[in-house]
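Asks: sequence and predicted structure below; questions after.
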Amino acid sequence: MTVRRVMGVETEYGISVPGDPGANPMVLSGHVVNAYASTHGVRSGRAAWDYADEAPLRDARGFEMGRGVADPSQLTDVEDPTLANVVLTNGARLYVDHAHPEYSSPEVTTPRDAVRWDRAGELVMLESVRRLAASPGEPGVNLYKNNTDGKGASYGTHENYLMRRETPFAEVVRHLIPFFVARQAMCGSGRVGIGQDSRTAGYQLSQRADFFEVEVGLETTLKRPIINTRDEPHAVADLYRRLHVIIGDANHGDVANLLKLGTTSLVLAMVEDGAVGRDLTLDKPVATLHAISHDPTLRTTATLRDGRTLTAVQLLWEYFHAAASYLEQRGHTAADDPDTAEVMGLWESVLTRLERDPMECAADLDWVAKLSLLEGYRERDGLSWGDPRLRAIDIQWSDVRPEKGLFHRLRERGRITRLVEDPLVADAVTQPPTDTRAWFRGKCLEKFAPQIAAASWDSVIFDVPGRHALQRVPMLEPLRGTQAHVGEIMDRSPDVVTLLRELDAAAG
Amino acid sequence: MPSQEQSRPQRRDDEPADAPEPTPASPEASARKEALDDDIDSMLDEIDGVLESNAEEFVRGFVQKGGQ
């Protein structure tokens, strides 16, 4: 068992024009994508998205929703010519999703790389903001890595994990619901205001909790479910399912983000191997999700179906101990896999400190860091939780500009733990991960952008000079198309014709 | 609602003077606490310098249209 698996993070950014709350977010989001694409010589729409393998209405429970009864927002597989979309040289997708610019990171294999390429997305958005600010005639746009406007709207940060198809989905649901209800104690980003529209003053752990209304479902924009059932693997469907997780917050801090990806990957590994052990099924998961989020003292308990009552931290300890004993049974050591050792070490340390005093995690967990700053203001200026200054701080916390974003100010002051150094993040803005198919996708965009008609997670489509038909290279196996696999071919191919010929020859 | 410059309440120098004095800690602990308070003050001062000046208008202006 290990934290390693194919994974990625999609982040929708909040968008606003200072002084113009009525600005059209769809048009603005298009500006954001196009500003970045034109800077890098990628024409938006040129390298368009290939929707051939998408199936947003296929349900993991074994059926498919009819298009006629779906909400229009669920039809994410049809091209809308007004919406911008580009594939970047780092293998990521940058596009307009509903009313937000979204950065979907390339596929990676470790939580550390997920953190690295997710932070690269922050730099992509920052560059767009800078470019639009410098362009005469363009509105100055601000972007925020958060998940709610505090007035009733929410937008998502989604994790994706590839897992074994043979795993019964009911087991995924059974073991992940209690985990997701508790996970916000480590991974919540913190929020000023209680309730979807912040009608009650106060502070809560998570930005997303109040927007979840059911336990299991296909939707992502309404009746949001703790477990989303979209069954769209972007990979060999007989072998893999892609678990699409919509309940997470956008994390700024490396430790919280690493723990979000790493611990979830470990729990999935235990589910795949039937090794979770105790049944932690909750009596009322949705209500408990809200109640835990609303209590920054972490004293709120969840009632299990077997009658036990556990706090979020105690629930997480159950998962931690199950993972620790599972690793021990397998004779796993830190030397085998430093990524797993790192996640287990940080997980234990964070739970220990949360149990003692959550404020001990101010350098590591987003919600604690934000609460610590807000409490500083409350104490200094005698502010109540309803004060608009605190709500403003909450929004400005996640501004992508390092000189304005309060999280970035704290990190520059050395108050936030860094796990991935800045130069590695900067490098990931243009470079793909080497160990997944994202490497092939990104390098194709880097070398042959003018000849790429479209791309997607599992394909690159070339428009080859002299050939009538487009040439589609399928990539349904996420661990092929790596640098080790096709690096030499890529290096010795000066043009697309050679590349396709060499790939054909290699495939035999 | 009229948009008005947010005035920051002053530091509470005028706290009631008859509040019970906390039990004095060891000199080392007091020094550590003072250093900690100074650090928090300097952090808040720095962040004051970058905060949007009109909190109410800033919060009102941040309106989203939903998402996934």
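Replies: Noted; the coordinates are in hand.
Asks: for chain B, what's the nearest residue on the stretch 351-500 of chain A?
Replies: Using CB to the nearest CB, residue A:392 is the residue of the stretch 351-500 of chain A that sits closest to chain B, at 3.8 Å. Quick note: C-beta positions are derived from backbone N, CA and C, even for glycine.
Asks: ok, now which ones touch the residue lying closest to that residue once chain neighbours are set aside?
Replies: The shortest distance from residue A:392 to any non-neighbouring residue, by CB to CB, 6 or more residues apart in numbering or on different chains, is to residue B:55 (3.8 Å). By CB atoms under 8 Å, 6 or more residues apart in numbering or on different chains, the residues touching residue B:55 are A:387-389, A:391-392, B:6.
Asks: now these in JSON lines, with neighbour count and pLDDT?
Replies: Output for these, formatted as JSON lines (neighbours: other CB atoms under 10 Å in any protein chain shown; pLDDT from 0 to 100):
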{"residue": "A:387", "neighbour count": "21", "pLDDT": "96"}
{"residue": "A:388", "neighbour count": "17", "pLDDT": "95"}
{"residue": "A:389", "neighbour count": "22", "pLDDT": "96"}
{"residue": "A:391", "neighbour count": "24", "pLDDT": "97"}
{"residue": "A:392", "neighbour count": "23", "pLDDT": "96"}
{"residue": "B:6", "neighbour count": "17", "pLDDT": "44"}
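Asks: mind picking the two most distant members of those?
Replies: Distance extremes for the contacts of residue B:55: the farthest pair is A:391 and B:6 at 11.7 Å, using CB to CB.
Asks: helices and strands around the lengthiest helix in chain B, which ones?
Replies: Longest helix of chain B, by residue count under DSSP state H: helix B:27-48. In terms of contacts (3 or more CB pairs under 8 Å, 6 or more residues apart in numbering or on different chains; DSSP states H and E), helix B:27-48 is packed against helix A:366-381, helix A:406-412.
Asks: got the angle for it vs helix A:366-381?
Replies: 100 degrees (axes from the mean of the first three to the mean of the last three CA atoms, to 10 degrees).
Asks: re the thing from before, contacting residues around the host helix or strand of the residue of the stretch 351-500 of chain A closest to chain B?
Replies: Using DSSP states H and E, residue A:392 sits within helix A:388-396. Helix A:388-396 has contacts (CB under 8 Å, 6+ apart) with A:14, A:144, A:146, A:149-150, A:190-193, A:198, A:370, A:373-374, A:377-378, A:381, A:383, A:404-406, B:6, B:8, B:47, B:50-52, B:55-56, B:58-59, B:62.
Asks: give the buried subset of those residues as a ChimeraX selection command.
Replies: A single ChimeraX command selects the buried members of the contacts of helix A:388-396 (16 or more other CB atoms under 10 Å in any protein chain shown):
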select /A:14,144,146,149,150,190,191,192,193,198,370,373,374,377,378,381,383,405,406 /B:6,47,51,52,55,56,58,59,62
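Asks: among the contacts of helix A:388-396, which lie within strands?
Replies: Counted as lying in strands by DSSP state E, out of the contacts of helix A:388-396, are A:14, A:144, A:191-193.
Asks: among these, which are within reach of chain B?
Replies: Among the ones in strands among the contacts of helix A:388-396, the ones lying near chain B by CB under 8 Å from any CB of the partner chain are A:14, A:144.
Asks: could I get the ones in strands among the contacts of helix A:388-396 as CSV with pLDDT and distance to residue A:95?
Replies: Converted to CSV, the ones in strands among the contacts of helix A:388-396 look like this (pLDDT from 0 to 100; distance: CB to CB, whole Å):
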residue, pLDDT, distance to residue A:95
A:14, 97, 16
A:144, 98, 18
A:191, 98, 26
A:192, 98, 30
A:193, 98, 29
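Asks: out of the ones in strands among the contacts of helix A:388-396, which one sits closest to chain B?
Replies: Proximity of the ones in strands among the contacts of helix A:388-396 to chain B (CB to the nearest CB) peaks at residue A:14, which lies at 5.8 Å.
Asks: which ones are touching that closest one?
Replies: A:100, A:143-147, A:149, A:155, A:395, A:398, B:62, B:64.
Asks: rewinding a little: now the helices and strands packed on helix B:27-48 in TSV, with distance to residue A:455?
Replies: TSV is the format used below for the helices and strands packed on helix B:27-48 (distance: least, CB to CB, whole Å):
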stretch	distance to residue A:455
helix A:366-381	33
helix A:406-412	32
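Asks: next, format those helices as TSV and append distance to residue A:266 and mean pLDDT.
Replies: Shown next, in TSV, are the helices and strands packed on helix B:27-48 (distance: least, CB to CB, whole Å; pLDDT from 0 to 100):
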stretch	distance to residue A:266	mean pLDDT
helix A:366-381	20	97
helix A:406-412	26	97
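Asks: of all the contacts of residue A:14, which comes closest to residue A:204?
Replies: Proximity of those to residue A:204 (CB to CB) peaks at residue A:147, which lies at 12.2 Å.
Asks: and that closest one, how far is that from residue A:224?
Replies: Look at residue A:147 and residue A:224: by CB to CB, to the nearest Å, they are 11 Å apart.
Asks: then residue A:200?
Replies: For residue A:200, the distance to residue A:224 - CB to CB - is 20 Å.
Asks: ditto for residue A:333
Replies: Distance from residue A:333 to residue A:224, by CB to CB: 40 Å.
Asks: neighbour count winner among those two?
Replies: Between residue A:333 and residue A:224, counting by other CB atoms under 10 Å in any protein chain shown, residue A:224 is the more crowded of the two (20 against 11).
Asks: report the contact partners of that one.
Replies: With CB under 8 Å, 6+ apart, residue A:224 has these contacts: A:154, A:211-214, A:217, A:246-247.
Asks: one more pass at 7 Å, please.
Replies: A:211-213, A:246 (CB atoms under 7 Å, 6 or more residues apart in numbering or on different chains).
Asks: top of those by neighbour count?
Replies: Neighbour-wise, the contacts of residue A:224 (other CB under 10 Å) top out at residue A:246, 24 neighbours.
Asks: count of neighbours near the closest residue to that one other than its chain neighbours?
Replies: Using CB to CB, 6+ apart and skipping the chain neighbours, the partner closest in space to residue A:246 is residue A:228 (4.8 Å). The number of residues packed near residue A:228 is 22, by other CB under 10 Å.
Asks: now residue A:115
Replies: Residue A:115, neighbours per other CB under 10 Å, totals 29.
Asks: how near is it to chain B?
Replies: The spacing between residue A:115 and chain B, counted by CB to the nearest CB, to the nearest Å, is 21 Å.
Asks: which pLDDT value goes with that residue?
Replies: pLDDT recorded at residue A:115 is 98.
Asks: contact partners for it?
Replies: A:254, A:257-258, A:419-420 are the contacts of residue A:115 under CB under 7 Å, 6+ apart.
Asks: most neighbours, which of those residues?
Replies: When neighbours are taken as other CB under 10 Å, the top entry among the contacts of residue A:115 is residue A:257 (29 neighbours).
Asks: name the helix or strand for that one, please.
Replies: Here residue A:257 is assigned to helix A:254-272, by DSSP H and E.
Asks: so which bits of that helix are buried?
Replies: Going by 16+ other CB under 10 Å, helix A:254-272 has these buried residues: A:254-272.
Asks: my guess is residue A:218 contacts residue A:59. True?
Replies: Yes. Applying CB atoms under 7 Å, one finds residue A:218 in contact with residue A:59, separated by 5.3 Å.
Asks: state the pLDDT value of residue 33.
Replies: Let's take chain A. Looking at residue A:33, its pLDDT stands at 93.
Asks: was after chain B, sorry
Replies: At residue B:33, pLDDT is 79.
Asks: so how far is chain A from it?
Replies: 14 Å.
Asks: enumerate the residues of the stretch 1-150 of chain A near chain B.
Replies: Residues of the stretch 1-150 of chain A that fall close to chain B, judged by CB under 7 Å from any CB of the partner chain: A:12, A:14, A:16, A:18-19, A:21, A:25, A:97-100, A:149.
Asks: just the buried members of those?
Replies: A:12, A:14, A:16, A:25, A:97-100, A:149.
Asks: keep only those of those that are in strands.
Replies: Using DSSP E, the members of these that fall within strands are A:12, A:14, A:16, A:97, A:100.
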